[in-house]
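> only the shape, not the letters, is given here:
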């Protein structure tokens, strides 16, 4: 049996700050195979982006402590040297960031930025890299691609900038693509275009994709599996259809109930009461217990393990474990 493209076990990520130690990721386990899409779902501050950045070791090294097992394409990310990580980024694993205007360099053209990545990892000539940049812009369906090579980021619309970011991420044919809420700043029409484009490119290139979002509609559109995060822990994991059809964790049900639908006009929106816990001082028991309407005394006293159940599913909840 082939090894998974991404293999994470008991991952802990802590940041040192003036407020103390921030426990951003607390014992995350996940696997991803080539050609599969995993969507990490949760509120802001749940640890989604930190987990994603840990796969490329992009968190500030002087303030970050990482523990556990973290392998990408067979490489031990935690113990890899800086030259090894530099070679890995862009070639084996690439990332699409949330806001392209802060990720693209404003003083270089789009073509220059794509060609630079190609030359860095493939060692080709300037002419070859430029042709590859043109091919990539056409691949991500940028209209008038040859003219866009000479455009600066501010001269493109939000949708075209995001497509340029995708072109850069795909420039060296990575095995793993990380997408950190890449459609958040886009309008609905452009968002669906980008999502369909990613699905098409994945099918053509055979990439594994980890997609971070807080949008259930996006998760439903792109993911084979969903992992729901809360307070730095995965609290439910399973096939997309299974989780959306029958969520087991109270937090997952709360997220689904809080989703706005087209036929909800005039209805009161459902909300999850309270706020997520402070990551500098996590509770001893279930982190969601203070906000959970089903909580018991046991929930506040003991941290529930991530228990497997059903068809390749898992849930971190004392009450869900009692359900038949």
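Cool, the structure landed. What you are looking at is a predicted structure, and each value in this text was computed from that prediction instead of being measured.
> which of the three states applies to residue 65?
strand (DSSP: H, G, I helix; E, B strand; the rest coil).
> how about the contacts made by it?
With contacts defined as CB atoms under 8 Å, 6 or more residues apart in numbering, residue 65 is in contact with 12, 13, 14, 15, 16. The C-beta positions use only the backbone N, C-alpha and C, and glycine is treated the same way.
> what helix or strand is the second one located in?
Here residue 13, judged by DSSP states H and E, is contained in strand 6-17.
> hmm, who's touching that strand?
21-32, 47, 50-51, 54-55, 59-60, 63-72, 176, 208, 210, 232.
> same thing but at 7 Å, please
Residues from elsewhere that reach strand 6-17, judged by CB atoms under 7 Å, 6 or more residues apart in numbering: 21-32, 50, 54-55, 59, 63-72, 176, 208.
> ok, now stretch 240-258?
Contacts of stretch 240-258 (CB under 7 Å, 6+ apart): 216, 219-220, 223-226, 228, 230, 235-236, 269-272, 288, 292, 294, 311, 313, 315-317, 320.
> strands - which of those land there?
Judged by DSSP state E, the contacts of stretch 240-258 include 225, 226, 228, 230, 235, 236, 313, 315 as members of strands.
> tell me how far the third one lies from residue 282.
Yep, that's residue 228 we're talking about. Counting by CB to CB, to the nearest Å, the separation of residue 228 from residue 282 is 17 Å.
> more neighbours, these two?
Between residue 228 and residue 282, counted using other CB atoms under 10 Å, the more crowded position is residue 228 (26 against 15).
> spit out the contact partners of the more buried one.
41, 42, 234, 235, 236, 249, 251, 252.
> can you redo those residues as JSON lines with neighbour count and distance to residue 136?
Shown next, in JSON lines, are the contacts of residue 228 (neighbours: other CB atoms under 10 Å; distance: CB to CB, whole Å):
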{"residue": "41", "neighbour count": "26", "distance to residue 136": "29"}
{"residue": "42", "neighbour count": "24", "distance to residue 136": "32"}
{"residue": "234", "neighbour count": "26", "distance to residue 136": "34"}
{"residue": "235", "neighbour count": "26", "distance to residue 136": "38"}
{"residue": "236", "neighbour count": "27", "distance to residue 136": "37"}
{"residue": "249", "neighbour count": "24", "distance to residue 136": "40"}
{"residue": "251", "neighbour count": "26", "distance to residue 136": "39"}
{"residue": "252", "neighbour count": "25", "distance to residue 136": "37"}
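> isn't residue 289 right up against residue 295?
Yes - using CB atoms under 7 Å, residue 289 is in contact with residue 295, at 4.6 Å.
> shaky segments in the protein?
Residues of the chain that meet the criterion pLDDT under 70 lie in 1, 185, 261-262, 264, 321-324.
> in it, where's the longest helix?
Longest helix in the chain by number of residues (criterion: DSSP state H): helix 188-205.
> quick one: list the elements packing against that helix.
Counting contacts by 3 or more CB pairs under 7 Å, 6 or more residues apart in numbering; DSSP states H and E, helix 188-205 packs against helix 158-170, helix 216-222.
> could you rerun that using 10 Å?
Secondary-structure packing of helix 188-205 (3 or more CB pairs under 10 Å, 6 or more residues apart in numbering; DSSP states H and E): strand 37-41, helix 126-139, helix 158-170, strand 176-180, strand 208-213, helix 216-222.
> would you turn the ones in strands among the contacts of stretch 240-258 into TSV with distance to residue 182?
Formatted as TSV, the ones in strands among the contacts of stretch 240-258 follow (distance: CB to CB, whole Å):
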residue	distance to residue 182
225	18
226	17
228	19
230	22
235	24
236	23
313	27
315	28
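> quick revisit: how about residues contacting the longest helix of the chain?
With contacts defined as CB atoms under 10 Å, 6 or more residues apart in numbering, helix 188-205 is touched by 35-37, 96, 139-141, 157-160, 162-163, 165-166, 169-170, 173-175, 177, 179, 182-186, 207-209, 211, 215, 217-218, 221-222.
> narrow the residues you listed to just the buried residues.
36-37, 96, 139-141, 159-160, 162-163, 165-166, 169-170, 174-175, 177, 179, 182-183, 185-186, 207-209, 211, 218, 221-222 (16 or more other CB atoms under 10 Å).
> for stretch 280-290, which positions count as buried?
283, 285, 286, 287, 288, 289, 290.
> and if you look at stretch 187-201?
190, 191, 193, 194, 195, 197, 198, 201.
> next: stretch 10-18.
Here stretch 10-18 shows 11, 12, 13, 14, 15 as buried, counting by 16+ other CB under 10 Å.
> ok, now stretch 43-61?
By neighbour count on 16+ other CB under 10 Å, the buried set for stretch 43-61 is 43, 45-59.
> what about these, which are in helices?
Those of the buried residues of stretch 43-61 lying in helices (DSSP H): 48, 49, 50, 51, 52, 53, 54.
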